[in-house]
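Sequence below, structure please.
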Amino acid sequence: MRSRYVALGVVVPLAMAVIDTEAASAPVAVVQETASAVNPSLFNALQWRCIGPYRGGRALAVAGVPGEVNTFYFGAVAGGVWKTTDGGATWRPLTDGTPISSVGALAVAPSNPDIIYVGTGEAAPRGDMTYGDGVYKSVDGGRTWSHVGLRDTRQIGALIVDPKNPDIVLVAALGHAFGPNTERGVFRTADGGKSWSKVLYKDEQTGAIDVSFDPHNPSIVYAALWQARRLPWNFSSGGPGSGLYRSTDGGSSWTHLSGNGLPAGILGRIHVSVSGADSRRVYAMIEAADGGLYRSDDAGEHWGRVNDDGRLTQRAWYFSTILADPKRLAAGAARRPPRTVDRPGQSGPDHRGERRRRLDLLRRRQDLVHAAQSADGAVLSRVGRQSLPLLRVRRPAGQHERRDRQHG
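As a prediction, this is how the structure comes out:
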């Protein structure tokens, strides 16, 4: 699919495009009195337009900070890491001047928000993707960065930090997208990245695409392996190496989950999430001949398909994701591709309104935060005691192909 680099920049209502300088100079008390008399329903007619800068890019990694409702990070596939402390009104780059360019995963340590880990190299294997060189760490909120290993993993699909110990990190590394290599699979560190153990590995053709804690018990971890190969003229997703796994000791050892309701045959990309309301409720989005959204109500022992809508697994490297609601048992969010429509003189995907549905829910404690991974930047909306309008966050983070890429 050809990426649409929609403009990243400031978005304002059309009705606010013209500024009344006379009204702006009026006394504050008068302005406040006038504003209070405005019927809120009048704002329903407002529309939004982009006023620049006119350059876009994809973002696959987003994170919020517990207790800091206006602080967010996002990592672009070729634009580095960005941070906002005012709910998306302004953003600043954190990795200019560093080797960090393509970002596949990003996580803030729940026990210490100054500690941030970044897995470089996106794991959505487009034909024009670039690669990373392992994991980076910041201990000062993103002001400085150090490289902490896994240099040959190339593409990293997920990275999680233990909720109580910021030195314990698990990384799902896809590995070389264009050829075989051995530095792939699930890796674990217990010393903040000084050393790593390869704790889940299949073969040099298969990497890891996802790893996820049970939010109630970090000793319970789920991970997905994915056998995939990108070639300049072709993409192959799925093979005997793909599968779903569970660990009960924090990721040190793993059990392969198969049968018992899971689809048989060749599996492709898998994404897994545990409900924050009940650890027994586990969701898995699975690419397969009988793929779709699967659910377990006994912590992965048995499964059943609850949704077979083909749109959930279409273009699986982008859209086969699922995140369970942290509080409600029967709620979650899934991404799906834009619908295809035919219009006079034009046939192709209609992106209007669909990006708002590509939501990955990042909810922290009592502050419920919606953060979206989008093909044109990031979308933020905070929902807590009050409902706030969706805020589109657009920043120049376009994708550029590395000239020195090795197809092997």
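
Could you verify that Asn181 is part of a helix?
No - assessed with DSSP: H, G, I helix; E, B strand; the rest coil, Asn181 is coil; it does not lie in a helix.

quick one: low-confidence parts of the stretch 251-400 of the chain?
Along the stretch 251-400 of the chain, the parts satisfying pLDDT under 70 run over 331-400.

Please repeat the previous calculation with a cut-off of 90.
309-400 (pLDDT under 90).

Please apply the same query to the stretch 101-250 of the chain.
Judged by pLDDT under 90, the stretches of the stretch 101-250 of the chain that qualify are 126-130, 232.

how about the helices in the protein?
For the chain, applying DSSP state H gives helices covering 21-24, 28-36, 316-319.

Where among the ones you listed is average confidence lowest?
Among the helices of the chain, helix 21-24 carries the lowest mean pLDDT, at a mean of 36.

What residue, apart from its backbone neighbours, is nearest Asn112 spatially?
Closest residue in space to Asn112, ignoring its immediate chain neighbours: Pro166 at 5.0 Å, by C-beta to C-beta, 6 or more residues apart in numbering. Backbone N, C-alpha and C define where each C-beta goes, glycine included.

same question but for Gly265, I mixed them up
Gly265 sits nearest to Ala289 (C-beta to C-beta, 6+ apart), 5.5 Å away.

Provide a list of residues in contact with that neighbour.
Pro263, Gly265, Ile266 (C-beta atoms under 8 Å, 6 or more residues apart in numbering).

ok, of these, which one's closest to Asn39?
Pro263 (53.1 Å; C-beta to C-beta).

I'd assumed Asp290 was in contact with that closest one.
Yes - counting by C-beta atoms under 8 Å, Pro263 does reach Asp290; the two are 4.3 Å apart.

who has more neighbours, those two?
Between Pro263 and Asp290, counted using other C-beta atoms under 10 Å, the more crowded position is Pro263 (19 against 12).

Next one: the more buried one from Leu257, what distance?
As for Pro263, its distance to Leu257 is 12 Å (criterion: C-beta to C-beta, to the nearest Å).

ok, back up a step: which of the contacts of Ala289 sits closest to Thr120?
Ile266 (29.3 Å).

need the contact list for the residue lying closest to the closest one once chain neighbours are set aside.
Computed as C-beta to C-beta, 6+ apart, the closest residue to Ile266 that is not its neighbour in sequence is Gly238, at 4.5 Å. Shown here is Gly238, whose contacts under the criterion C-beta under 8 Å, 6+ apart are Gln227, Ala228, Ile266, Leu267, Gly268, Arg269, Glu287, Ala288.

Farthest pair within the residues you listed?
So, those by C-beta to C-beta: farthest apart are Ala228 and Ala288, at 13.6 Å.

Need the overlap of contacts for the two.
Gly238, Gly268.

Please say which of these two ends up with more neighbours.
The residue with more neighbours, out of Ala228 and Ala288, is Ala228; 26 against 21, by other C-beta under 10 Å.

before we move on, back to that, so what's the residue count around the residue nearest to Asn112?
Using other C-beta under 10 Å, Pro166 is surrounded by 22 other residues.

how close does it get to Ala107?
From Pro166 to Ala107 the distance is 10 Å (C-beta to C-beta).

close enough to count as contact, Gly75 and Gly57?
No - Gly75 is not in contact with Gly57 according to C-beta under 8 Å; the separation is 10.7 Å.

Ramachandran coordinates for the residue nearest to Gly121 when sequence neighbours are not counted?
Excluding the flanking residues, the one nearest Gly121 by C-beta to C-beta, 6+ apart is Gly132, at 2.9 Å. Dihedral angles of Gly132 (phi, psi; degrees, to the nearest 10) stand at phi -110, psi -170.

Which parts of the stretch 1-150 of the chain are strands?
11-13, 48-50, 59-65, 68-76, 80-84, 92-93, 103-108, 116-120, 135-138, 146-147 (DSSP state E, counting those that start in this stretch).

Leu42: how many residues sit nearby?
Leu42 sits with 9 neighbouring residues when counted by other C-beta under 10 Å.

cool, and Arg311?
For Arg311, using other C-beta under 10 Å, the count is 16.

just Arg280 next, same as before
Arg280: 15 neighbours (other C-beta under 10 Å).

so what's it closest to, chain neighbours aside?
Ala299 (5.0 Å).

Hmm, the one you found is touching Ser279, no?
Yes - the pair Ala299 / Ser279 is scored as a contact, 6.4 Å apart, by C-beta under 8 Å.

what touches both of these two?
What both Ala299 and Ser279 touch, as defined by C-beta under 8 Å, 6+ apart, is the set Ile220.

So which of the two has more stuff around it?
Each of Ala299 and Ser279 had its neighbours counted (other C-beta under 10 Å), and the higher figure belongs to Ala299 (17 against 14).

show me the residues around the more buried one that make contact.
Ile220, Arg246, Ser279, Arg280, Val282.

Show me which of those residues is closest to Val62.
Using C-beta to C-beta, the contacts of Ala299 come closest to Val62 at Val282, 22.3 Å.

what sits against that closest one?
When contacts are counted by C-beta under 8 Å, 6+ apart, Val282 touches Tyr222, Val272, Ser273, Val274, Ser275, Arg295, Ser296, Ala299, Gly300.

Now distance to Gly175 too, for these, in CSV please.
Listed next are the contacts of Val282 as CSV, based on distance: C-beta to C-beta, whole Å:
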residue, distance to Gly175
Tyr222, 20
Val272, 19
Ser273, 23
Val274, 25
Ser275, 30
Arg295, 29
Ser296, 28
Ala299, 29
Gly300, 25
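
So which of the residues you listed wins on neighbours?
The residue in those with the most neighbours, by other C-beta under 10 Å, is Val272 (29 neighbours).

Show the contacting residues for that one.
Going by C-beta under 8 Å, 6+ apart, Val272 touches Asp210, Ser212, Tyr222, Ala223, Ala224, Leu244, Val282, Tyr283, Ala284, Met285, Ile322.

Please name the bridge partners of it.
Val272 has these beta-bridge partners by DSSP bridges: Ala284.

and the residue lying closest to Ser252 once chain neighbours are set aside, how far is that from Phe187?
Nearest residue to Ser252, sequence neighbours excluded (C-beta to C-beta, 6+ apart): Val199, at 5.9 Å. Going from Val199 to Phe187 by C-beta to C-beta gives 7 Å.
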